[in-house]
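Trainee: requesting a structural model of the entry that follows:
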Amino acid sequence: MASLGELTAGIAHEIQNPLNFVNNFSEVNKELLLEMNDEIDKGNLSEIKAIAKDVIDNEEKINHHGKRAESIVKGMLQHSRNSSGIKEPTDINKLADEYFRLAYHGLRAKDKSFNATMKTDFDQSIGNINVIPQDIGRVILNLITNAFYAVTEKKKQQLNGYEPTVWVSTKRVDGRVLISVKDNGNGIPQKIMDKIFQPFFTTKPTGEGTGLGLSMSYDIVKAHGGELKVETEEDKGSEFIVLIPMSQ
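Mentor: Numbers count the residues shown, from 1 in each chain. A predicted model of the protein is given here:
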């Protein structure tokens, strides 16, 4: 699982963008209102109306970006708290997209040299499905964090032309939602394939992984009546696939 520090750094980065808009538009509005005072003294009604319109437009932008920051905070508080164990209608695409960005920015905050290409392909026809959002969020976050780790390890080999890339996609498949997290890392050796979902098994160095992420993810998906499987090719990469029933 991603550390709390990494996730917090990712959230901070995501919130910073809308907050920058709020601050910038607030400063512009202050200047506009000072300008409006001058025009009031001059009795220039048409200019006053034009400035007032600009202020109103900026206030709408402030409101929009403020709500964006609020939704990020609310969403992350919801998904990071202890699981309620209650299924609720959840936008899987939004969940996957937000955790994708949070994991990326969290790792960037921890290691400035980290970089990877992020690609998404979300099936917009899925809509909301009934899942325990905190739990499925943890699964998605774990798979994405592992994928970033895999491409980072391959990048260390300094292969010519190698571009670390992680893909996250969703689609409807025979009454189920498929969530795919794919990377172009080194892949998983066949000799350890039967161990990767076992508790405490990890290929990461001491202190970098507990070995509980995949086993916990496997149990969460199974509890949702779904399945978690992996397709991998050594030196080519891996794809972890979550399949969850649309109706539960």
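
Trainee: Glu162 touches Lys155, doesn't it?
Mentor: Careful, residue 162 is Tyr and not Glu. Yes. A contact is recorded between Tyr162 and Lys155 when judged using C-beta atoms under 8 Å, the distance being 6.5 Å. All C-beta atoms are positioned from the backbone trio N, CA, C, and that covers glycine.

Trainee: which of those two has more neighbours?
Mentor: For Tyr162 against Lys155, the residue with the higher neighbour count under other C-beta atoms under 10 Å is Lys155, and the figures read 17 against 13.

Trainee: so the closest residue to His13 other than its chain neighbours is in which element?
Mentor: Across the structure, with C-beta to C-beta, 6 or more residues apart in numbering as the measure, the residue nearest His13 apart from its sequence neighbours is His105 (3.8 Å). Assigned by DSSP states H and E, His105 belongs to helix 92-110.

Trainee: over to Ile86?
Mentor: Using DSSP H and E, Ile86 sits in no helix or strand.

Trainee: angles on the backbone of it, please.
Mentor: Reported as degrees, to the nearest 10, the phi and psi values for Ile86 are phi -110, psi 130.

Trainee: hmm, it is touching Gln134, no?
Mentor: No. Taking C-beta under 8 Å as the definition, Ile86 is not a contact partner of Gln134, at 9.5 Å.

Trainee: neighbour-wise, which of these two wins?
Mentor: It is Gln134, of Ile86 and Gln134, that has more neighbours when counted by other C-beta under 10 Å, with 19 against 9.

Trainee: buried residues, the helix or strand containing the more buried one. List them.
Mentor: Assigned by DSSP H and E, Gln134 belongs to helix 133-155. Residues of helix 133-155 classed as buried by neighbour count (16 or more other C-beta atoms under 10 Å): 133-152, 154-155.

Trainee: Glu234: neighbouring residues, count only.
Mentor: 11.

Trainee: so what's it up against?
Mentor: Shown in contact with Glu234 (C-beta atoms under 8 Å, 6 or more residues apart in numbering): 186-190.

Trainee: are any of those residues buried, and if so which?
Mentor: 186-188.

Trainee: and for Ile48, the neighbour number?
Mentor: 17.

Trainee: now do the same contact list for it.
Mentor: Residues touching Ile48, when contacts are defined by C-beta under 8 Å, 6+ apart, comprise 36, 39-40.

Trainee: next one: Asn37
Mentor: So Asn37 contacts nothing (C-beta under 8 Å, 6+ apart).

Trainee: noted, bye for now.
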